[in-house]
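Chemist: Output the structure for:
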Amino acid sequence: MSTFVDFAPTGTEPFQFQPTLNGTQYTAVITWNIFREGYYLNLYDLSNNLIVCEAMTESGSMLRCSLTWADNIATAVCQVPHNVPLAAVSYLRISQSGGSKYDGAYLGTAVDEFTMAFDLPENPDQPVAILGTLSFDLDLLGGYGIGSLYFHADTQQFEF
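Modeler: Numbers count the residues shown, from 1 in each chain. The predicted structure follows:
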C-alpha cells in the first residue's frame, strides 16, 4: 500500500517529510538549487547521515484505469490515451487498486491507444474489473536498494 505526501514548499525553508522505506524511517529534505533552478532530494537516516542527494525528477501522469485479468495476462484500460506507440513495450506501474494483486511494476505492451497488457501469472481473484492507476514512473531511489520514492508532478505528491 502506497503512502502519499503532498509537496507544499513554502519558499522560506526546505520542505521535509519522513518516509518509511523497506521498514526503515528516513528524513527527506527537498531543497531548491538556484543554479540549476530545480529541486533536490536529500535523504537522511535518523542519525542525520546523508544517504542520497540528487536532482528531483518527476514521473509521468497517473492515469485512472480499469484492470482485468484472463489467462495470465492483465489489461489496464485507461480513461485517456497513454501515449505509448502501438505494440511498443514500456515499464509501467499499477497502484491504488485497493491493495489488490495488480499493484506492482511490470513490462507492458501497448495494445491500443488506451490499453496496456502485461504478464500477471497469479490470478488476482477479482471477479469484475477494478479501478486503479497506471503510471510510467521514475524511481528517485532506483539503484540504491533502500526502497522506492516517486514524485508525481501532476498531483504534486510524493509516493513511497
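
Chemist: Now stretch 108-118: buried residues?
Modeler: Neighbour counts using 16 or more other C-beta atoms under 10 Å place 108-111, 114-118 of stretch 108-118 among the buried residues. C-beta: built from backbone N, CA, C; applies to glycine.

Chemist: Identify the farthest-apart pair in those residues.
Modeler: The distance between the two most remote of these (C-beta to C-beta) is 14.7 Å, for Phe114 and Phe118.

Chemist: Dump the buried residues of stretch 108-118 to CSV, plus pLDDT.
Modeler: Listed next are these as CSV, based on pLDDT from 0 to 100:
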residue, pLDDT
Gly108, 97
Thr109, 97
Ala110, 97
Val111, 97
Phe114, 97
Thr115, 98
Met116, 98
Ala117, 98
Phe118, 98
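
Chemist: got the residues you listed as a markdown table, with secondary structure and distance to Tyr150 columns?
Modeler: Below are those laid out as a markdown table (DSSP: H, G, I helix; E, B strand; the rest coil; distance: C-beta to C-beta, whole Å):
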| residue | secondary structure | distance to Tyr150 |
| --- | --- | --- |
| Gly108 | strand | 17 |
| Thr109 | strand | 22 |
| Ala110 | strand | 21 |
| Val111 | coil | 25 |
| Phe114 | coil | 23 |
| Thr115 | strand | 23 |
| Met116 | strand | 18 |
| Ala117 | strand | 23 |
| Phe118 | strand | 18 |
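
Chemist: Angles on the backbone of Leu120, please.
Modeler: The phi/psi pair for Leu120 (degrees, to the nearest 10) reads phi -150, psi 90.

Chemist: Could you find the closest non-adjacent residue to it?
Modeler: Leaving aside its chain neighbours, Leu120 sits nearest to Ala74 (3.9 Å; criterion: C-beta to C-beta, 6 or more residues apart in numbering).

Chemist: what does the helix or strand in which that neighbour is found rub up against?
Modeler: In this structure, Ala74 sits in strand 73-78 according to DSSP states H and E. Strand 73-78 is contacted by residues 63-69, 92, 94, 102, 106, 108, 111, 114-120, 124, 132, 134 when judged by C-beta atoms under 8 Å, 6 or more residues apart in numbering.

Chemist: Can you tell me the number of residues neighbouring Val84?
Modeler: Counted with other C-beta atoms under 10 Å, the neighbours of Val84 add up to 19.

Chemist: what's the spacing between it and Asp137?
Modeler: As defined by C-beta to C-beta, to the nearest Å, Val84 lies at a distance of 14 Å from Asp137.

Chemist: Stretch 80-92: which residues count as buried?
Modeler: Within stretch 80-92, judged by 16+ other C-beta under 10 Å, the buried ones are 82, 84, 90, 92.
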